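J.: A structural model of the following input is requested.
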Amino acid sequence: MIKIPLAEEFGKALVPKRFRPDLKNYLYKAGIYKSPYEYFGMLFYLSLLITFVLYVLFLSESLRKMHAVFTIIGSFLSWTLVPILIVLLFIVIVYFYIDIRIYTRTQKLEEILPDFLSSVSSNLKGGMSFENALWTSIKPRFGILSSEISIAAKKVMTGHDIDKALLEFAMKYNSSMLRRSIDLIASEITSGGKVSDILDSIVHNLKKTKELKDEMNASVLAYMIFISAIVIFIAPILFALSFNLLLVLKSVTGLLAQTTTSGAAPGILGGMGEVTINEQHFITFSKTAIILIALFSSMIVSILEKGSIKSGIKYIPIFLISSYVFYLFALKIFTLIFGAFIQVG
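T.: Okay, the predicted model is just below:
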């Protein structure tokens with residue numbers, strides 16, 4: 001990787017010292033263990049580069065036409081506010097990405113937690129101590145959980161209490177399932193009870209909870225299919241039909257206006273005014289509406305399926321692309337069909 005001069009120094013300057021421990025812990029949750037200060041410095045350089053391009057292409061010409069005082073003030077504001085806005089925009093995007101990554105890691109951790117605790121319970125029943133049972137259960141197939149338990153086990157080896165090390169691990173993730181499980185294990189260790197029994201009970205409850213969630217997902221499948229059909233097929237078809245109805249009305253009212261002008265009897269529809277809605281404006285409105293419908297529908301589907309919007313990020317591009325492409329297809333087909341009728345008329 002190319003080293004950029006003073007990138008890390010600028011990055012440290014952008015992050016106050018009192019926020020650095022919180023930032024480090026937050027990144028740990030996402031599985032990012034490297035110091036991010038160099039990337040913050042690169043972001044600083046990138047914001048200056050984008051500001052320079054925007055200034056040369058768009059702002060400089062307008063500022064030259066102003067009074068000298070306003071030119072100086074405008075240039076100063078351009079080189080201060082624009083980089084700040086760019087940095088804030090990138091920070092929001094990165095925060096969103098890291099938040100989704102943390103959520104994904106938490107979901108994976110919850111999925112493998114029952115199997116891991118079952119392995120620990122088997123080791124305890126084989127006569128191992130709890131520390132050795134934890135260490136022996138660390139296997140590659142447990143992925144994220146193995147790396148986190150390794151960190152907790154190393155803390156125990158350096159003098160930490162096993163219950164405190166486990167509680168620190170549980171507090172790193174926003175998972176009520178993980179925290180309740182670790183709290184029960186820690187309290188059983190502190191009281192000197194039989195940990196294998198409480199582990200078996202936790203594993204049974206976790207598997208039962210997973211079965212109930214799967215049943216709930218199956219029960220809302222019909223709603224998900226219904227919403228998906230509306231977003232991808234029905235809404236684009238209705239907007240395409242509405243556009244062609246607009247074309248038909250414009251054609252009919254135009255003919256009526258010509259008939260009235262030529263002196264013929266106006267008839268029943270003679271009082272109807274000519275439709276003056278801009279066709280391009282309607283298409284722009286349709287596309288915007290479809291994008292918004294697809295966006296919010298993908299969120300609704302993700303909430304129905306997983307109980308959280310974050311788990312349904314994958315649905316957003318699927319709904320957006322599918323509904324938009326189908327709208328263009330339906331618009332083309334209906335325009336050809338109705339166009340033939342209008343020409344015949």
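
J.: the helices in the chain, which residues?
T.: Here the chain has its helices, by DSSP state H, at 7-14, 20-29, 37-54, 60-64, 68-125, 130-136, 144-157, 162-171, 176-191, 195-219, 221-229, 235-261, 279-306, 315-344.

J.: Make CSV from those and add mean pLDDT and mean neighbour count to it.
T.: Just so you know, the C-beta spots here come from the backbone N, C-alpha and C atoms, and that holds for glycine as well. Supplementary listing: the helices of the chain in CSV, determined by pLDDT from 0 to 100; neighbours: other C-beta atoms under 10 Å:
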stretch, mean pLDDT, mean neighbour count
helix 7-14, 71, 16
helix 20-29, 78, 14
helix 37-54, 80, 17
helix 60-64, 71, 12
helix 68-125, 83, 15
helix 130-136, 82, 18
helix 144-157, 81, 17
helix 162-171, 82, 18
helix 176-191, 85, 16
helix 195-219, 84, 15
helix 221-229, 84, 13
helix 235-261, 79, 16
helix 279-306, 86, 16
helix 315-344, 83, 16
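
J.: Tell me how many other residues crowd Val15.
T.: Val15: 13 surrounding residues under other C-beta atoms under 10 Å.

J.: Distance check, the residue lying closest to Ser146 once chain neighbours are set aside against Thr288.
T.: Ranked by C-beta to C-beta, 6 or more residues apart in numbering and with sequence neighbours excluded, the top spatial neighbour of Ser146 is Ile138, at 4.7 Å. From Ile138 over to Thr288 the distance is 52 Å, taken as C-beta to C-beta, to the nearest Å.

J.: And for Lys210?
T.: Lys210 is 40 Å from Thr288, by C-beta to C-beta.

J.: For Phe239, see how far away Ile227 is.
T.: 17 Å.

J.: Only the C-alpha atoms, please, for stretch 166-185, written as CSV.
T.: The C-alpha trace of stretch 166-185 is given here as CSV (Å, rounded to 0.1, in the frame of the first residue of the first chain):
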residue,chain,number,x,y,z
LEU,A,166,-16.7,-13.2,29.6
LEU,A,167,-18.9,-10.2,30.7
GLU,A,168,-16.5,-7.8,29.0
PHE,A,169,-16.8,-9.9,25.8
ALA,A,170,-20.6,-9.9,26.0
MET,A,171,-20.8,-6.1,26.5
LYS,A,172,-18.9,-5.6,23.2
TYR,A,173,-22.0,-6.7,21.2
ASN,A,174,-25.5,-5.3,21.2
SER,A,175,-27.0,-8.8,21.6
SER,A,176,-29.5,-9.5,24.4
MET,A,177,-29.3,-13.2,23.6
LEU,A,178,-25.5,-13.2,24.2
ARG,A,179,-25.6,-11.0,27.3
ARG,A,180,-28.3,-13.1,29.0
SER,A,181,-26.4,-16.3,28.2
ILE,A,182,-23.1,-15.0,29.5
ASP,A,183,-24.8,-13.5,32.6
LEU,A,184,-26.2,-16.9,33.5
ILE,A,185,-22.9,-18.6,33.0
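
J.: Many thanks, I have nothing further to ask.
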